[in-house]
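Chemist: got a sequence here, can you build the structure:
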Amino acid sequence: MNTDRVRKIAILWRGDHNTRATATPENSRLHRVFSALADMNVAAEPAVYSDEMVSEVREQLLQVDGVLVWVDPISDGHDRSRLDPLLREIASKGIWVSAHPDIILKMGVKDVLFRTRTLGWGTDTDLYGTMEDFRKRFPLRLASGAIRVIKQNRGNGGNGVWSVQLASGRSVLPEADAIVRVEHAWRDGMAETMLLGDFIDRCQIYLSGSGRLIDQPFLSRLPEGTIRCYMVHDRLVGFSHQFSQGLLPAYAKAEGSAPGKVMYGPAEPRFQVLRTKMESDWVPAMQRLLDIDTLSLPAIWDADFLLGPKTESGDDTYILCEINVSSVFPFPDEAVGKIAEAAVSGIQGR
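Modeler: Predicted structure coming up:
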């Protein structure tokens with residue numbers, strides 16, 4: 001890379017023609033990242049994307065050294081089916097892309113919960129790749145009467161996440177006409193009862209093409225919230241403790257709303273055990289299992305943990321419920337400079 005010239009990075013997010021025409025570093029929600037890059041003598045420019053502007057965005061990205069991407073996998077009826085091939089093409093030209101679509105497919109989809117289930121953050125996790133497999137084996141998972149949580153492979157904000165439980169309790173082998181209670185986590189969906197066979201049919205959309213479904217046990221400590229670890233490459237840069245209404249038991253919803261999200265820096269004392277596990281054990285193990293080198297890890301990503309059963313000594317355990325890679329925002333103040341440093345390292349290592 002020629003270090004005598006000013007390095008250029010595009011920061012890409014989704015928008016329309018008007019947003020692209022009026023976007024500036026100052027009016028972007030990512031203005032602090034733009035500013036941090038400028039402090040490192042990097043020229044960062046907005047790259048507003050839509051499927052209707054692929055050619056225009058391609059021409060822009062071919063002129064930069066790197067691209068930082070903030071685009072959800074599913075948003076307002078849009079997906080990344082046209083964006084990801086564009087980013088792969090750009091990366092093939094030697095331009096650094098974070099997060100690269102191939103890295104997202106390794107760690108930013110729900111089947112990472114199945115692939116890494118043997119790590120210390122794992123639990124009793126199953127995976128279904130076809131409707132036939134789902135129809136045959138999922139009823140057996142419900143037979144104990146416990147609540148199971150079904151998750152589509154690519155989604156965000158609770159979209160395609162369902163809790164399912166037999167209405168009658170235990171059953172040796174639930175049939176298609178068994179009654180189940182289901183609840184959609186997306187937008188705090190209301191609980192409903194329906195036939196098990198109808199619910200299975202409803203999930204067909206999640207298994208179309210290369211789709212998959214992940215199956216995990218419901219964790220009873222969900223009302224205590226989720227601990228989010230914010231990561232830049234393999235280093236933890238902050239936490240948040242957040243509460244969601246999706247899939248909460250009725251008693252917890254009746255108790256009133258909890259704070260939506262509280263941010264913490266990486267030194268927050270309550271979460272230092274989790275930090276050590278992430279940096280020293282779980283992330284390195286994930287990298288080995290998924291074959292991801294450190295500089296290929298996203299410039300910003302997060303891992304969401306639910307509280308598992310306490311140990312005999314009363315310590316918390318942590319169960320991974322999701323990794324977010326595509327569009328992590330907001331993030332702690334401490335992450336901003338580290339994201340800029342990661343971007344510079346990325347374009348220097350091309």
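Chemist: contacts, neighbours, all on C-alpha from now
Modeler: Fine.
Chemist: buried set for stretch 328-335?
Modeler: For stretch 328-335, burial by neighbour count (16 or more other Cα atoms under 10 Å) applies to Phe331, Pro332, Ala335.
Chemist: looks to me like the second one is in a strand.
Modeler: Pointing back at Pro332 there. No: looking at Pro332 with DSSP: H, G, I helix; E, B strand; the rest coil, it is coil, so not inside a strand.
Chemist: where exactly do the helices run in this protein?
Modeler: Per DSSP state H, the chain carries helices over the ranges 17-22, 31-39, 54-61, 83-92, 101-107, 112-115, 131-142, 196-202, 250-254, 272-277, 283-290, 334-348.
Chemist: ok, Val182 - how many residues close by?
Modeler: Applying other Cα atoms under 10 Å, we find 25 residues neighbouring Val182.
Chemist: that one against Gln165, yeah?
Modeler: Yes: taking contacts as Cα atoms under 8 Å, Val182 lies within contact range of Gln165: 6.7 Å.
Chemist: wait, what's in contact with Ala47?
Modeler: Contact analysis of Ala47 by Cα atoms under 8 Å, 6 or more residues apart in numbering lists Ala10, Ile11, Leu12, Trp13, Arg20, Val57, Gln60, Leu61.
Chemist: show me which of the residues you listed are buried.
Modeler: For these, buried by 16+ other Cα under 10 Å: Ala10, Ile11, Leu12, Trp13, Arg20, Val57, Leu61.
Chemist: now the residues you listed in TSV, with distance to Ala343 and pLDDT?
Modeler: Formatted as TSV, those follow (distance: Cα to Cα, whole Å; pLDDT from 0 to 100):
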residue	distance to Ala343	pLDDT
Ala10	11	98
Ile11	11	98
Leu12	13	98
Trp13	16	97
Arg20	22	96
Val57	20	98
Leu61	15	98
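Chemist: end-to-end on stretch 191-206?
Modeler: Terminal residues of stretch 191-206 are spaced 20 Å apart (Cα to Cα, to the nearest Å).
Chemist: number of nearby residues for the closest residue in space to Asp51 that isn't next to it in sequence?
Modeler: In this structure, Asp51 finds its nearest non-sequential neighbour in Arg82, 6.4 Å apart by Cα to Cα, 6 or more residues apart in numbering. Using other Cα under 10 Å, the number of residues around Arg82 comes to 13.
Chemist: where in the protein is pLDDT low?
Modeler: 1-5, 187-189, 249-259, 350 (pLDDT under 70).
Chemist: any idea how it splits into domains?
Modeler: If you go by automatic domain parsing, the domain ranges for the chain are 7-99, 107-121+221-325, 126-217.
Chemist: out of the ones you listed, flag the one nearest Ile347.
Modeler: domain 7-99 (5.6 Å; Cα to Cα).
Chemist: can you list the buried residues of stretch 328-335 in CSV and add distance to Asp201?
Modeler: CSV is the format used below for those (distance: Cα to Cα, whole Å):
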residue, distance to Asp201
Phe331, 38
Pro332, 41
Ala335, 42
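Chemist: how many residues are close by Glu59?
Modeler: Glu59 is flanked by 11 other residues according to other Cα under 10 Å.
Chemist: could you do the one 3 residues further on as well?
Modeler: Using other Cα under 10 Å, Leu62 is surrounded by 16 other residues.
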